[in-house]
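# Below is the sequence, then the predicted model.
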Amino acid sequence: MIVFASDHVNGSNTFALYCAAKNRGIPCIYKHRKGQFQTNESVKMQDCKIAITNNARWISNWPLPIKVNTQHGCMFLGTVRQENGIDLYLSYSNKHKDLMMRNGIREENIIVSTRPRVDFLYGLDEQSRVQTLTEMNLNPNKKTIMYAPTWTRDNFGGGTKGFFANWFDNIEEETKALISFLRNTKNFNVIFRLHDHYCRHYKHQVPDHIYSLVKNMDNVLITSMVTNPNSLIELFVSDLLITDYSSIAADYLALDRPIMFIKSHSDWIWNKENKWFITKEERTEFGYVIEDYDEFSKITDIMSRRSEKTKERLHYRNILVGNILNGTAGDIVLQKILEKHKDKKQ
């Protein structure tokens, strides 16, 4: 019996493993910060032998034989570290595993496999794209851009003035520049994906200083974990992703489509200490790094050269995501967890 604990209702690595367990008929409990639902009402916490989470703080004190951290997020930062009370960690490549080992995690406690959440991309097709964009009130005959800035905190180099997720009462310069560019063209749909922590600050309402910029633009949709918990479907309908160092770019690599990175103040701080897992230079290999706001004009050109960096994107996809993209990653990871539990019992 397995208990799952996640910050997300669906779309996360933890939820993908939960789906794999359900498909196997394994009795489960799924705990979420907003509540709990069960597949079997007779399952109790004391009956569970394995706990799987994307937030180690939740389960570190739970008295279970095996506790697994699915390592959601922070794929571009060198912050993967040993957590108190955690027995197993998911890693998505040998390079990622090496980083974890340098941070004190023992090799035998690391499972290397594809990110389970990419299973949710499997089976989506052109009909899914058209239907989803139509339901979003966006034009399926237009190309779609997704703008998804990350969340940064003071310990990430003191915060950055490059992302509107950081300074709540200001519109950041590249956000204004991007909106200005989009106002001059109606050729694209635009999805603004607000980070969950940003939304929590505003009690899950779109703040006026964001809404006022786009309220008269019928080709723009503002979305978040509240309006759509699973960001993967939004990534699937997008032809280009614009971000900074959010781990959402790792998910997008599974689709082999262009990525534009906005260079941040944190690039200078983190690179000095060599803490980036994927550096700015490496991001330049498989994506396009914007260093000046005028470079938003390159969007049209980049979208027309979709296959330009396919080889590089596939290389970094294997580092940041894995190469099992047929809908079975969750089941494969779950099997490895069950084998670890069996070995521990013996």
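Perfect, I can see it now.
# can you give me the helices for the stretch 101-250 of the chain?
126-135, 173-183, 196-201, 208-214, 232-236, 248-253 (DSSP state H, counting those that start in this stretch).
# State the mean pLDDT of stretch 180-188.
For stretch 180-188, mean pLDDT rounds to 75.
# pretty sure Ile278 is touching Leu320, no?
Yes. Because the distance of 7.0 Å satisfies C-beta atoms under 8 Å, Ile278 is recorded as touching Leu320. Backbone N, C-alpha and C define where each C-beta goes, glycine included.
# got any ranges where the stretch 101-250 of the chain has weak pLDDT?
151-175, 184, 196-207, 209 (pLDDT under 70).
# re the thing from before, and the helices of the stretch 101-250 of the chain: which comes nearest Val333?
Val333 lies closest to helix 248-253 among the helices of the stretch 101-250 of the chain, at 15.9 Å (C-beta to C-beta).
# Out of the helices of the stretch 101-250 of the chain, the one nearest Asn94 is which?
helix 248-253 (15.8 Å).
# Could you list the alpha-carbon positions for the closest one in PDB?
Presented in PDB, the C-alpha positions along helix 248-253 are these (Å, rounded to 0.1, in the frame of the first residue of the first chain):
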ATOM      1  CA  ILE A 248       9.000  24.000 -17.100                       C
ATOM      2  CA  ALA A 249      11.600  24.200 -19.800                       C
ATOM      3  CA  ALA A 250      12.700  20.700 -19.000                       C
ATOM      4  CA  ASP A 251       9.100  19.500 -19.600                       C
ATOM      5  CA  TYR A 252       9.000  21.400 -22.800                       C
ATOM      6  CA  LEU A 253      12.100  19.600 -24.100                       C
END
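# Tell me the first helix or strand C-terminal of it.
Toward the C-terminal end, the helix or strand that comes next after helix 248-253 (DSSP states H and E) is strand 259-262.
# Run through who's touching that following strand.
The contact list for strand 259-262, computed with C-beta atoms under 8 Å, 6 or more residues apart in numbering, reads 149, 162-163, 174, 240-245, 249, 252-253, 280, 283, 286-290, 298-299, 302, 313.
# Looking at the top helix by length along the chain now, give me its mean pLDDT.
Of all segments of type helix in the chain, defined using DSSP state H, the longest is helix 329-345. Helix 329-345 shows an average pLDDT of 88 in the prediction.
# could you show me where the strands are in the chain, in order?
2-6, 28-32, 35-38, 50-53, 66-69, 88-91, 110-112, 143-147, 188-193, 220-223, 240-243, 259-262, 288-290 (DSSP state E).
# so how far is the fourth one off the chain centroid?
Taking C-alpha atoms, centre = their mean, to the nearest Å, the mean C-alpha location of strand 50-53 is offset from the chain mean by 19 Å.
# Dump that strand to CSV, keeping only the CA atoms.
Coordinates of the C-alpha atoms in strand 50-53 are reproduced here as CSV (Å, rounded to 0.1, in the frame of the first residue of the first chain):
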residue,chain,number,x,y,z
ILE,A,50,5.7,3.4,0.9
ALA,A,51,5.4,7.2,0.8
ILE,A,52,6.0,9.2,-2.4
THR,A,53,6.1,13.0,-2.5
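# Would you mind checking the average pLDDT for that strand?
89.
# Just checking: what are the partner strands of it?
strand 2-6 (parallel), strand 66-69 (parallel) (DSSP bridges).
# ok, now the last one?
Strand pairing for strand 288-290, using DSSP bridges, gives strand 259-262 (parallel).
# Report the distance from the strand it pairs with to the chain centre.
For strand 259-262, the distance to the chain centre is 15 Å (C-alpha atoms, centre = their mean).
# Can I get that strand as PDB, trimmed to CA atoms?
Output of strand 259-262 as PDB, limited to C-alpha atoms (Å, rounded to 0.1, in the frame of the first residue of the first chain):
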ATOM      1  CA  ILE A 259      12.700  27.700 -26.200                       C
ATOM      2  CA  MET A 260      13.600  31.400 -25.500                       C
ATOM      3  CA  PHE A 261      15.400  32.100 -22.200                       C
ATOM      4  CA  ILE A 262      15.400  35.600 -20.700                       C
END
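# From here on, call the first residue 888.
Got it, the first residue is 888 from now on, which makes the last one we talked about strand 1146-1149.
# State the mean pLDDT of that strand.
The model assigns strand 1146-1149 a mean pLDDT of 86.
# What residues of the longest helix of the chain count as buried?
1216-1221, 1223-1225, 1227-1228 (16 or more other C-beta atoms under 10 Å).
# Tabulate those residues (CSV), appending distance to Ile913.
Output for those, formatted as CSV (distance: C-beta to C-beta, whole Å):
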residue, distance to Ile913
Ala1216, 17
Gly1217, 12
Asp1218, 11
Ile1219, 15
Val1220, 14
Leu1221, 8
Lys1223, 14
Ile1224, 11
Leu1225, 9
Lys1227, 15
His1228, 11
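# of the residues you listed, closest to Ile937?
The closest of those, once distances to Ile937 are taken by C-beta to C-beta, is His1228, at 5.7 Å.
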